[in-house]
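> Compute the structure for the input listed below.
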Amino acid sequence: MAMDDYFVIVYRILAYLYACLKEGKPADISRLNEDSEDLNIAYGYWEYIFRHLYKSGYIEGVSLLPVTGQQMPAVRIERCIMITPKGIEYLQENSAMAKAKKLLKELKNATLRL
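Numbering: from 1, shown residues only. This is a model prediction of the structure:
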């Protein structure tokens, strides 16, 4: 799995939103932007990920806006973006999420050793 792999990005988003929920703090939307240090992915890929997280019911606080001349709606993140109970379950039970978590943990440990 690469750092820009779909499941790694999804894990990072959902884990961040879950941590915010548990702390009772609103999410910092700037950390969820495609060009943020946390994600750093292409805009189209970012839209794809957030569109599917929202449509799958894993997050709330996202608006899908129709755009003239485009088949896919634009994504707008609201200030109230949160993980849903279904998103928490996906984060904790999905095997791809477990692999992404393991990869990120290994990379963090490797970085600390340098």
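> Would you map the strands across the protein?
For the chain, the strands defined by DSSP state E occupy 59-65, 74-83.
> So which of those strands is nearest R51?
Closest of those to R51 is strand 74-83, at 5.6 Å (criterion: Cβ to Cβ). Any C-beta I mention is one placed from the backbone N, CA and C, and that applies to glycine too.
> could I get the closest one in PDB with only the CA atoms?
Extracted in PDB, the C-alpha atoms of strand 74-83 (Å, rounded to 0.1, in the frame of the first residue of the first chain):
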ATOM      1  CA  ALA A  74     -18.800  19.000  -6.700                       C
ATOM      2  CA  VAL A  75     -18.000  18.300  -3.100                       C
ATOM      3  CA  ARG A  76     -18.300  20.900  -0.300                       C
ATOM      4  CA  ILE A  77     -17.300  20.200   3.200                       C
ATOM      5  CA  GLU A  78     -19.400  21.800   5.900                       C
ATOM      6  CA  ARG A  79     -18.000  23.000   9.200                       C
ATOM      7  CA  CYS A  80     -20.000  20.300  10.900                       C
ATOM      8  CA  ILE A  81     -18.300  17.400   9.200                       C
ATOM      9  CA  MET A  82     -18.300  14.300  11.400                       C
ATOM     10  CA  ILE A  83     -17.800  10.500  11.200                       C
END
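> For the most centrally placed residue in the chain, give its distance to I81.
Geometric centre of the chain, nearest residue: I13, 2.5 Å, by Cα atoms, centre = their mean. Applying Cβ to Cβ, to the nearest Å, the value for I13 to I81 is 10 Å.
> who touches both of those two?
32, 59 (Cβ atoms under 8 Å, 6 or more residues apart in numbering).
> Please identify which of the strands of the chain is closest to Y18.
Nearest of those (Cβ to Cβ): strand 74-83, 5.0 Å.
> what angle do the closest one and strand 59-65 make?
Strand 74-83 runs at 170 degrees relative to strand 59-65, counting by axes from the mean of the first three to the mean of the last three Cα atoms, to 10 degrees.
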